[in-house]
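# Generate a structure from the sequence data that follows.
(3 chains)
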Amino acid sequence: MGITQIISGKLKKRKKKNSWLATVICFLMAFIICLPLLMIPGGAFADSSEIRQMLSPVLGEAKGYVDWHIIPFYPTLEHFYRLLVASPAFYKLFWNTVGMTAAILVGQLLVGLPSAWAFAAFQFRGRDFLFGLYVILMLLPFQVMLLPQYIVLQKFELYGNPAAVILPAVFSTFPVFIMYRGFTQIDSEILEAARLDGAGEMQIFLRIGLPLGQMGIRAAMVLSFLEYWNLVEQPMAFLEEQKDWPLSLYLPQLDIAQAGFAFAVSVVVLIPALFVFALGQDALEEGITYIGMKE
Amino acid sequence: MLPGFAGVLVFYLLPFLEVVRRSFLKSGNNAFVGVSNYQTVFTNNAFLLAVRNTAFYMALGVPILMGISLILALLLRNLVLRRKFVSVMLLPMAVPAAVMVLVLRILIDRQGLINGIVTGVSEKIAVLPIFEGIDYLNSGWALVIVLCSFLWKNTGYMVILWLAGLSALPKEVEEAAKVDGANRWQNWHYIIRPGLSGTTFTIGMLSVLQIFKSYREVWMVAGSYPQENIYFLQHLLQNWYLKLEFDRMAALTVLLSLVLLVVCLCLQKRLEQNIR
Amino acid sequence: MKVAEKFRGKRVNIKHRFLRTVCVTACAMMFSACGSKEEEIPMGRYADREVKLPDMGYEYMHPCPDGSYYLFGNDVDLTHVAADGTVNRDRWGWENNANIHVKFSYGISDGGAVIFGYTPMFYSDEEYEAYAAEGDNRYLYYYVSEKGDKHPLELYGPDYRKATNLETFAFAPDGRVYAASDACVYRINVENGETESLFATQSQVREFAFVGDTMLALDKEKAYLYDMEGEKLLEDNGVLSEFTAAHQSGRIVLAVEDENGDLTDEGNSKVLYLACRTGLYRYVWGGSVIEQIADGQMVALGDSQYNPYALQILGDEQFRVYFSGNYMVEMYYDETLPMKPSKELTVYSLEENGRIRYAGRLFQKEHPDVLVRYETGMDGDNAVSREDALKNLNTRILAGEVPDVIILDDIDMEQYADKGVLKELDDFLAPYEEDGVLYRNIVEAMRTTEKNRIYGVPMTVELPLYFGEKKYVNDMQGLDGMIAGAELARAEHPEGPLIDTPFQENLFDMMIPLCLPAWIGEDGNLDTENLTSFYQAAVRLWELDSDGLSEEERLKWQQNLTDEESDLTNIMFGQYEDYYNIGETWIALGYLKNAWYGITNLHTRMVNYRNGYSYYKELGDEVVYGRLTGQAGNTYRARTIIGLCEKAGEPELAEEFMELLLSDAMMQKWWLEGQFDGGLPIRKDSLASILDINNRAFAEVKGWTANDISMMYKEEFWPTEEELQWLFDTMEESDCCYRTGTLLEENVREIGFRVLDGELTPEEGAKEVERKMAISMEE
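As a prediction, this is how the structure comes out:
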C-alpha cells in the first residue's frame, strides 16, 4: 500500500510537470489552427462596404494589400439579418441539414456497428479480402461513383428524394472501417472468456464490444457528422429540388464580394457543430455506457 | 452485418462493378474495346503528370499529417483539457468548404494578407531587400499551400484517432515501465509504438482518404487547370468527366483501386505479422 | 483455434444468408427495371388562355364579385374591365400626381376606392435629405374614395406615431380597410388615418379574404381567422394553416365562392379556391383535405417567372389568375384534354433563359398531350458552379437520359458534338435554306471544325459595333485601329474614362469575341502570336483608359456600378447608368444587343440601337459608327444556340420545338412582350419587321433624372433607310461565330487579369495560356 502511494504520488508529480509544457505547446497549436478562423466572425459582422474596402486589393480594384479587421470598425448585423430574417428558405435548409445528418448518423450506427463487430469478432473466409474491398470502396473518389450510383438510384426511383443522399451515406464503408479499429483493440482473451462463460453473442456485443470500442464509435460519429454536415457534392448531384437541399448548398458561389454573407452563414453553421462537440461527445459516451450496462 | 453488406453491395459494390464494366467499353456507343481505354490512360501525358503529382503529394502529406498529429496526441493524452483542445482543433473541419476557400483566397492572394504582413515586416527591417509579394497559387508555392490547408483541416481529426489508439494501450504496462526507470524514448519505442501499429494502419488509410477528399477545395481555389504541381488525379478525372470521357475515367479508377488494394493488403499482412 | 471452431457453424450460416441477400437484391433491381408503364389516361383537365390586358404597366388586379376587375399600377390610371370586357379608365384621371414617384402595395375596393403606398418625388436635395433622415423604407400613403376625392393619407399607429410600415391593403365588402405590417394586422380609418391593431401575426400577411363578418388572413406560416363583428381572433383552420406553411416559398392567393353569409356556419359550407405555384386547389371549409384540381406544371401557375397576385372565380369551372409582371390568364376545364400529358419533352439549358421558358409555355398550349419540362443547370445564388451543373448533365447523358433539346449557350458545343451527343442539323435546316429566311452566313459559321457539320443554330446574334467622332474612329479596323483611335481620343481628352470599361472584365467582354476564333490555328493548336498581340492590345487599351482616371476615380466608378446602395442606382433606377457611360466615354465599343433595346454596349450593360444611336446623333454629323473588328474578321456573338440530341426520346417533338423557336411568330411575339433581350433575330423577315414596327410605333422622347435630381430629356433619332440597310448588310456579312463557354476563353481571361495587372508580360501570358491548354489537350 505504502509503496503504491509513493509511486502514484511520484507519477502525479511528473504528470503535472509534463502537462504544463504540453499544455503550452498544444495551446500554441490550437491557436495557430484557429488563427484563420478568427477572420470569420470579423467578416460576418462587418458591413458590405467595409468588406469591399478591405478586400479591394484581392478584387483587383486597388493596389497594396488586404487589410483585415478582426473586429470590424462598423459592426453590423446586416448579413445575419439577411440570412435569418430576410430569407425564409434558410430555416428549411437548416432543418434539412439537421434531418439529413441525424438520419445518416443513426443509420450508420445501426448498419455500421454490426458490420464492424462482425469484422472484428469473427473469423470467416474471405474476411481479409472483404475488408480490403471495404477499404477500397471507401477510398474511391466520388467523381467516379457519381454515374453508377446515379444509375442505381434511378433504378430504385430514389433520385431527387432525400433518401438518395441518405441511403448511400448510411451504407458508407467508412464508419465500419473506423469502428472496426475500435473493436480490434479489445483483447480477444476477454471475448473468449466471455464466450466460455456462456454469454450470448448479443450480450458480448452490448456489454463488451460497445463500451470497450466506444472510442472508435465516437471517432466515426464525429467525422461522419463533420462530413455530412457540410456535404456538398452528393446533394448537388442527387437532389433535384432546392427545397430538399442542405444548408451547405445555400452558400453563394465563390463570390468574394459576398464574403460577409458567406462568413455569416458559416458562423451559423459552425455554432451547431460546436454545440454537438460540446454535448454530443459526452452524450454518446454515456449512451454507449448505458447500453453496455443494460441487461 | 448482412443488411449492411447488402447496402454496400447495392450502393457501392455494384456501382463499382459498373465502373469496371464501362472501363472496357467505349463511352458514347458502349462498344466493347478491350483494354484500349487502359492503353489510352497509360500513354496519356496528363495522366503521367497527375500520377507524379498525386504520389508526391501523398508521400509528403500523409507522413507529415500522421507525424504532427501523433506528436500532438502524445502531448495531449494526459492533459485535463484534452477534450477542449481536440474540439478546437476539429473546428477547421466544420467550416464549409466554400468559406474555407474564401479565407484561403484572402490569405494567399498576391495582394493578400500573408504577403501584406510579410511586406509590412520586411519594410520595418530595412536591411532586407524589398519584398515583392509572391503569387502563391501560380508558383512552386502552390503545393505548399495545398499541403498546409490539408494539414490545417485534418490534424484535429487525426489527433482524435491517435488518442483513441493510445487510450486502448494498457496503462499498467506503461506505468510499470516508468517505475522500472524507462525513459521517455524507451517508453515510446518499446511500449507505445508496437501497440499503435493497428492504429497506424487506420490513420494511414484515412489520411489517404482525406487527401482524396481535399480535392474539392483545391479545385475551388485553383480551378480545373491549376499550377502544374497541384494537378492531381482528381483534376484529370473531373476534366475527363466534363469531356464525357467516362471510359478513360473508369479505366483509371480500376487501376487506382488495384494499386490501393495491393497497398492495403500488404499493409494488413505486415500488420498481422507485427501483431504476432 | 477454439473460437474459430466454435463459430464454424456460424460461418456457413453467414455465407448462406449472404447469398440470399444478393439474390433478393438482384431480383428487386430487375423488377424495378422492367416495371411496365402502360395505362389508360383519363380525359379532362384545366387549361388556360392568356387574357389581353388593356395596357402595359399594371401591377395589381382586384377581382370584383360580379366578374369584373380593376387594374392599377405605377404609371397607369385605375382601369375597370367589366365582365363583358368593356374597358373604362376615364372615371378617375388622377394618375399624374407630381408628388408620387413610385407606387406600390395597392388596395382597391369593389366600388373603386383605392389606397396605396408610395415614395415621393423630390425636387431638391434638402427635400430628399429631410425624407431620408427619418429612416429607411419610409412609405407614404394615398387614398382615393369611390367618388374620386383624393388626398395623401397620414396613418398613425396605435401609439399615435406615424405608421410607415403598412402593406397589403384590403377593403372588406362593408368598406372597412385592413392592412398588415410584418407583425400585425390593422384596421384603418381612412377618414382620420387612425389605425387599430387587431391581432399579431408571425410574418407579414400577404393575402386577405372576407366572408360575411369573418376575415381570412394568410401569412407565411398560418391562416388566421378573425371575427370582424365580434372583434376577436377565432381558432385557425388547421388544414389551411398547414397548407400555407407548406407552400410558403411562393405566394398563395385565395378566393371564396360566395362572400356572403358566415364562413363558420356548419350547415352551409363555403368553397375556397387557392392558387399557388404548385397548382389550383379547392377546399370545402371544415373539410380535412385540400384537393388539387389543376397541376401547376400544366398551367401558367407553375411558371417560375411569375407569382400569382390575385385569383378570381368566374363560375362554371373558370378562373382568372393575375400574375406579377402584368400577366393574366383564364383557366378553364377542358374535357377533351387528357388528364395527364402522355409525352414529355425535355429542354435543358445551363442558365435560365426567358425565351425558352416562354416557348415552352407556347408549345405546351399547342400540344396539350405534351408536358414540356424545362430544366436549368444552375439557378440563382447557390453553391452550384458551372462545372457542377455540367457534371450533372453529363451524368444524365452517360446514364442514357439525354434531354430532347439542349441550349448550348456556355456549353462547349464541339465537345458534345464530337462525343455524339448532338444531332446533325443539316437535314433539319434544308427547308430553311430553300426559303432563304435565315441569314445563311450566320448559320454556316456554326459548322464545327472537326466534322464540318452544323449542330447548333442561334436564335439571335449580337453584332460588335463602334460609335465615335469621325476623327477618332475613322480607321477602326482591327486591334491596331482600335488602339490608334483610342490614342487620338486620349490625346485630346486627357481626363476621364475613354472607352467604357470600368472593370477589366468589361475590356475582355468587349475584345475576346472579336478575336477568340483567331487563336486556334489551322493545325488545331494555339496561335500564340495572335494571342500575344491580343494581350498587347488589351494592355494598351487598359493603359489608355486608365491614364485619365486616378485609382480612386476608377474605384468610385466601379462602386457606383456594383453597390446596391450607391447614390446612382438608388436615385436613377439604373437609367442614369446609360447616360453616365455614354456621356463620359469618347469612343463607344460594344455590341448591338437588340434592334430596339440595345445597340452598343457597351458590353454587358446597356444601350440600345435607338438610344445609343440617338446619343451620338445628337452630337452631330461628326459621329460615325461601324462594325468593330478584332483579329477574327466579321464576328458575331451567338445567343440561345439550339441543339437537338442524337438519342432524344421524342425526336419529332424536339424538331417541332426547334421550329417553333425559329419561327417568325416566336421571334416577334416575345420581342413585342418586352421579353427580347440579347440579340437580333437570325430570321431576315423578323428583323425587318421588328425594325419596321419600331419606326412607326415607338418614337418618343426619353427622360431621366440626372444626378443633380433634375429631369433631363433627350430626343430620340431614328435610323434612316440607308442606315437600316447598313444594319441588314452588316448582318449579311457576319461569318465568324463566337461562342461562349470554351476552356480557351476561360484561361485567356484568367491569365488576362494578371497580364493587365502587369504580373506577366503579354508574351508570358500567351505562354501561360499555352501551357494550361497543353494539359487539357493532353487529356
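
# Tell me how far the residue nearest to C:G521 when sequence neighbours are not counted lies from C:M510.
Once flanking residues are discounted, C:G521 sits nearest to C:D527: 4.3 Å by Cβ to Cβ, 6 or more residues apart in numbering or on different chains. From N, CA and C alone the C-beta is placed, and that goes for glycine too. Separation of C:D527 from C:M510 (Cβ to Cβ, to the nearest Å): 20 Å.

# the more surrounded of those two?
C:M510 (25 against 18; other Cβ atoms under 10 Å in any protein chain shown).

# thinking the more buried one is in contact with C:Q504, fair?
No. Using Cβ atoms under 8 Å, C:M510 makes no contact with C:Q504, being 11.0 Å away.

# hey, where'd the helices end up in the stretch 401-550 of chain C?
In the stretch 401-550 of chain C, the segments counted as helices under DSSP state H, counting those that start in this stretch are C:413-418, C:426-435, C:440-444, C:470-473, C:478-492, C:504-515, C:528-547.

# would you turn these into a markdown table with mean pLDDT?
Shown next, in a markdown table, are the helices of the stretch 401-550 of chain C (pLDDT from 0 to 100):
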| stretch | mean pLDDT |
| --- | --- |
| helix C:413-418 | 88 |
| helix C:426-435 | 89 |
| helix C:440-444 | 91 |
| helix C:470-473 | 80 |
| helix C:478-492 | 88 |
| helix C:504-515 | 88 |
| helix C:528-547 | 91 |
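
# nearest to chain A, of the ones you listed?
helix C:504-515 (6.5 Å; Cβ to the nearest Cβ).

# contact partners of the closest one?
A:60, C:464, C:479, C:499-501, C:530, C:534, C:537-538, C:541-542, C:545, C:589-591, C:602-604, C:628-632, C:635, C:637, C:738, C:745, C:748-749, C:752-753, C:756 (Cβ atoms under 8 Å, 6 or more residues apart in numbering or on different chains).

# So which of those residues are in strands?
C:464, C:589-591, C:635, C:637, C:738 (DSSP state E).

# Now flag whichever of those residues is closest to B:R184.
Nearest to B:R184 out of these is C:Y738 (Cβ to Cβ; 69.1 Å).

# That closest one: neighbour count?
By other Cβ under 10 Å, the residues close to C:Y738 number 22.

# now A:L223: how far from A:S172?
As judged by Cβ to Cβ, A:L223 and A:S172 stand 11 Å apart.

# Looking at the two, which has the bigger crowd around it?
Shown here are A:L223 and A:S172; by other Cβ under 10 Å, A:S172 has more neighbours (25 against 22).

# What pLDDT does the model give that one?
Each residue has a pLDDT score; the one for A:S172 is 89.

# and it, what does it touch?
A:108, A:112, A:138, A:224, B:12.

# Quick check: the farthest pair among those?
Most distant of the contacts of A:S172, by Cβ to Cβ, are A:S224 and B:Y12, 15.8 Å apart.

# Just the buried ones out of the contacts of helix C:504-515, please.
Buried members of those, scored by 16 or more other Cβ atoms under 10 Å in any protein chain shown, are A:60, C:464, C:479, C:499-501, C:530, C:534, C:537-538, C:541-542, C:545, C:589-591, C:602-603, C:628-632, C:635, C:637, C:738, C:745, C:748, C:752, C:756.

# do you know how far the nearest residue to C:L549 once chain neighbours are set aside is from B:S224?
In space, and not counting its chain neighbours, C:L549 is closest to C:P497: 5.9 Å by Cβ to Cβ, 6+ apart. Taking Cβ to Cβ as the measure, C:P497 falls 34 Å from B:S224.

# do the same with A:F238
22 Å.

# Which one's more surrounded, those two?
A:F238 (26 against 17).

# ok now do the more buried one, which residues does it touch?
Contacts of A:F238 (Cβ under 8 Å, 6+ apart): A:149-150, A:153, A:159-160, A:164-165.

# Can you name the residue of the stretch 51-200 of chain C nearest chain A?
Per Cβ to the nearest Cβ, C:D182 is where the stretch 51-200 of chain C lies closest to chain A, at 9.3 Å.

# From C:E196, how far off is that residue?
Counting by Cβ to Cβ - C:D182 and C:E196 are separated by 17 Å.

# Could you do C:E352 as well?
Taken as Cβ to Cβ, the span from C:E352 to C:E196 is 44 Å.

# Can you pick out the residue with more neighbours from those two?
More crowded of C:E352 and C:E196, by other Cβ under 10 Å: C:E352, with 15 against 11.

# For the more buried one, grab phi and psi.
As for C:E352, its main-chain torsions (degrees, to the nearest 10) stand at phi -50, psi 130.

# cool, and the one 10 residues further on?
C:L362 has phi and psi values of phi -60, psi -40 when expressed as degrees, to the nearest 10.

# Just list the residues touching it, thanks.
So C:L362 contacts C:660, C:666 (Cβ under 8 Å, 6+ apart).

# And it, how far from C:M666?
7 Å.

# residues from the stretch 101-250 of chain A in reach of chain C?
Contact residues (Cβ under 8 Å from any Cβ of the partner chain) of the stretch 101-250 of chain A with chain C: A:118, A:122-125, A:143, A:146-147, A:150-151, A:154-157, A:188, A:191-192, A:195, A:232-233, A:236-237, A:242-243, A:245, A:248-250.

# Selecting buried members of these in PyMOL, what would you type?
Buried members of these, defined by 16+ other Cβ under 10 Å, are picked up in PyMOL with:
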select buried, chain A and resi 118+122+124+143+146+147+150+151+154+155+156+191+195+232+233+236+237+242+245+248+249+250
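
# State the helix or strand in which C:E330 lies.
In this assignment (DSSP states H and E), C:E330 forms part of strand C:327-338.

# close to chain B, is the very next helix or strand once past that strand?
Once the chain leaves strand C:327-338, the next helix or strand it forms, by DSSP H and E, is strand C:343-351. No. Remark: strand C:343-351 sits outside contact range of chain B, by Cβ under 8 Å from any Cβ, the gap being at least 12.6 Å.

# ok, strand C:343-351: who's next to it in the sheet?
Strand C:343-351 sits in its sheet next to strand C:370-378 (parallel), strand C:405-407 (parallel), going by DSSP bridges.

# For stretch C:725-733, list every residue counted as buried.
C:727, C:730-731.

# What number of neighbouring residues does A:G200 come out with?
So A:G200, with other Cβ under 10 Å, has 12 neighbours.

# let me redo that: B:Y225
B:Y225 has 20 neighbouring residues, counting by other Cβ under 10 Å.

# State the distance from it to C:Y160.
66 Å.

# and what of A:Y150?
From A:Y150 to C:Y160 the distance is 63 Å (Cβ to Cβ).

# OK, contacts around C:D227?
Per Cβ under 8 Å, 6+ apart, neighbours of C:D227: C:213-214, C:233-234.

# If any of those residues are buried, put those into a PyMOL selection.
A single PyMOL command selects the buried members of these (16+ other Cβ under 10 Å):
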select buried, chain C and resi 213+214+233
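
# okay, now the domains of chain C?
C:48-333, C:345-455+C:641-668, C:459-639+C:687-778 (automatic domain parsing).

# and those, which one is worst for confidence?
The minimum mean pLDDT among the domains of chain C belongs to domain C:459-639+C:687-778 (a mean of 73).

# end-to-end on that domain?
34 Å (Cα to Cα, to the nearest Å).
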